[in-house]
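Structural data only, the sequence is not supplied:
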């Protein structure tokens, strides 16, 4: 059995760790709330963009819009993936699940990957994937500005023909108990995604300077909106997973402290008993 002094030092170390995990849980909870508020405030704007694009499509033939070009007959057709992970660890199974899901979809030899977050980036580079780090952002930060920078770069590559299809991989929080990696197609656009299901009448809508130019502007905002939505979903999932991981770590630390305290009391009792025995034995020999 360890001596009381060693156990006491161990208890002190566990208590210090518990303070850190508890603080990280509170930080994750604050970030989670902020991300949800951001998502709720911006969602109506991007839904309105999609509805307007639906109306414009009625007036512009699909063949005139580059964003619908699937390029299926292109011999060296390039597919790209944007993958969201966290910049740091201590997120439970969040990053592991993203990596497993992404590596099942991505062709290591053919596909291009635009990683957002150091965890997925480092993993893919280490394992020989075709990684492009020039996504157009300097630091992983969840806001519309970063989403705009990423979308501009991706759209430019698509229009120029350097990439022919783009998918977004992110983690979706389906419920409090289920964080699920998911993927969504960014480009080319699909006609079925812009069918008018709202029943709204846009017949009197005037489009200036032309439907083609307005549709191009809205497409860029639409792609930015999807990227931003995926970014927020991933950020919510990351912080929810981190909050749970830190909560579990704090609970485990508390259990460990209780066990160590019991061991400390036993060791201290054994030491006292040993001292009393030695004193009695010494007195008997006098």
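Thanks, I have it. Only a predicted model underlies this, so the values are computations on that prediction, with no experimental measurement involved. Numbering: from 1, shown residues only.

can you pull the contacts of the residue nearest the centre of the chain?
Nearest residue to the geometric centre of the chain (C-alpha atoms, centre = their mean): residue 234, 3.0 Å. Residues in contact with residue 234 (C-beta atoms under 8 Å, 6 or more residues apart in numbering) are 84-85, 170-171. Placement of C-beta: from N, CA and C, glycine included.

how about these in JSON lines, adding neighbour count?
What follows is the contacts of residue 234, written out as JSON lines (neighbours: other C-beta atoms under 10 Å):
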{"residue": "84", "neighbour count": "27"}
{"residue": "85", "neighbour count": "29"}
{"residue": "170", "neighbour count": "26"}
{"residue": "171", "neighbour count": "27"}
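
Let's have those in JSON lines, adding pLDDT and secondary structure.
Putting the contacts of residue 234 into JSON lines (pLDDT from 0 to 100; DSSP: H, G, I helix; E, B strand; the rest coil) gives the following:
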{"residue": "84", "pLDDT": "89", "secondary structure": "strand"}
{"residue": "85", "pLDDT": "85", "secondary structure": "coil"}
{"residue": "170", "pLDDT": "88", "secondary structure": "strand"}
{"residue": "171", "pLDDT": "85", "secondary structure": "strand"}
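
what's the closest of those to residue 275?
Closest approach between those and residue 275, by C-beta to C-beta: residue 85, at 56.6 Å.

hang on, residue 169 in a strand?
Yes: assigned with DSSP: H, G, I helix; E, B strand; the rest coil, residue 169 falls within a strand.

So it sits against residue 105, correct?
Yes: counting by C-beta atoms under 8 Å, residue 169 touches residue 105, with 7.0 Å between them.

From the neighbour counts alone, determine which of the two ranks first.
Ranked by neighbour count (other C-beta atoms under 10 Å), residue 169 and residue 105 place residue 169 first, with 24 against 14.

Longest helix of this structure, counting residues only.
In terms of residue count, the longest helix belonging to the chain (DSSP state H) is helix 211-285.

any idea of the mean pLDDT for that helix?
Here helix 211-285 scores 77 as its mean pLDDT.

ok, now stretch 192-202?
58.

ditto for stretch 35-42
Summarised as a single mean, pLDDT over stretch 35-42 is 70.

quick one on the thing from earlier: would a markdown table of the contacts of residue 234 with distance to residue 150 be doable?
Listed next are these as a markdown table, based on distance: C-beta to C-beta, whole Å:
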| residue | distance to residue 150 |
| --- | --- |
| 84 | 10 |
| 85 | 14 |
| 170 | 12 |
| 171 | 17 |
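
Next, the angle helix 211-285 makes with the helix or strand encompassing residue 31.
Using DSSP states H and E, the element containing residue 31 is helix 4-57. Using axes from the mean of the first three to the mean of the last three C-alpha atoms, to 10 degrees, the direction of helix 4-57 lies 170 degrees away from that of helix 211-285.

Which elements pack onto helix 4-57?
Applying 3 or more C-beta pairs under 8 Å, 6 or more residues apart in numbering; DSSP states H and E, one finds that helix 4-57 contacts helix 211-285.

how far is the helix it packs on from where the chain is centred?
Put simply, helix 211-285 sits 19 Å off its chain's centre (C-alpha atoms, centre = their mean, to the nearest Å).

Equivalent analysis for stretch 143-162, please.
Relative to its parent chain, stretch 143-162 has a centroid offset of 19 Å by C-alpha atoms, centre = their mean.

Check stretch 121-131 too.
Here the centre of stretch 121-131 is set off from its chain's centre by 18 Å, with C-alpha atoms, centre = their mean.

Identify all contacting residues around it.
Contact partners of stretch 121-131, identified using C-beta under 8 Å, 6+ apart, comprise 83, 85, 99, 106, 108-115, 133.

do the same with stretch 244-253
14-15, 17-18, 21-22, 24-25, 28, 90-92.

and the residues you listed, which are buried?
Among the contacts of stretch 244-253, those classed as buried by 16 or more other C-beta atoms under 10 Å are 14, 17-18, 21-22, 24-25, 28, 90-92.
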